[in-house]
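**Student:** need coordinates for the following:
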Amino acid sequence: MRRSERGLTLLEVLVALAIFAMSSMALMRSVGQHINTLTLMEEKTFAAMVADNQMAKVMLDPKGLKKQSGKDNLADRDWYWTITPVSTQEGLIRAFDVEVAREARGAAIVTVRSYVAK
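**Tutor:** The predicted model follows:
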């Protein structure tokens, strides 16, 4: 056999495959994290929309501000919201928090505080 033949040795092919496998795994991990982040951002966006809707209802009727909770459906998902009045030292305004969760007693995905005139 002549040593001047062109081609790759088995060792060179194995090293190239190992490098390709490691870079592919890193790319797959990165894509997976990106998908998880997009899902979380989508959930937070929908929860913020539910919170905005509840804040708008309070602002339309600020005299009716009281602790209340309920369930809305947005994007074919159930969202559980809670409105909690918050005491303020200022006599002219009232504060309230709106929390939105995916489960009735679950952790809030979004919590927003707003103010209305007394």
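**Student:** which other helices and strands contact the helix or strand harbouring residue 54?
**Tutor:** Residue 54 belongs to helix 10-60 when assigned by DSSP states H and E. Packing partners of helix 10-60 (3 or more C-beta pairs under 8 Å, 6 or more residues apart in numbering; DSSP states H and E): strand 68-74, strand 77-86, strand 93-101, strand 110-117. Heads up, the C-betas are built off the backbone N, CA and C, glycines and all.
**Student:** chain neighbours aside, what residue packs nearest to residue 70?
**Tutor:** The shortest distance from residue 70 to any non-neighbouring residue, by C-beta to C-beta, 6 or more residues apart in numbering, is to residue 81 (6.0 Å).
**Student:** now for the one you found: which residues touch it?
**Tutor:** 50, 51, 54, 69, 70, 71, 72, 98, 99, 100, 101 (C-beta atoms under 8 Å, 6 or more residues apart in numbering).
**Student:** repeat that for 10 Å
**Tutor:** Residue 81 is in contact with 47, 50-51, 53-55, 68-72, 98-101, 108, 110, counting by C-beta atoms under 10 Å, 6 or more residues apart in numbering.
**Student:** give me the buried subset of these.
**Tutor:** Among these, those classed as buried by neighbour count (16 or more other C-beta atoms under 10 Å) are 47, 50, 51, 54, 55, 98, 99, 100, 101, 108, 110.
**Student:** now do the residue nearest to the spatial centre of the chain against residue 102, distance only.
**Tutor:** Closest to where the C-alpha atoms of the chain average out (C-alpha atoms, centre = their mean) is residue 40, at 3.0 Å. Residue 40 sits 12 Å away from residue 102 when distances are taken as C-beta to C-beta, to the nearest Å.
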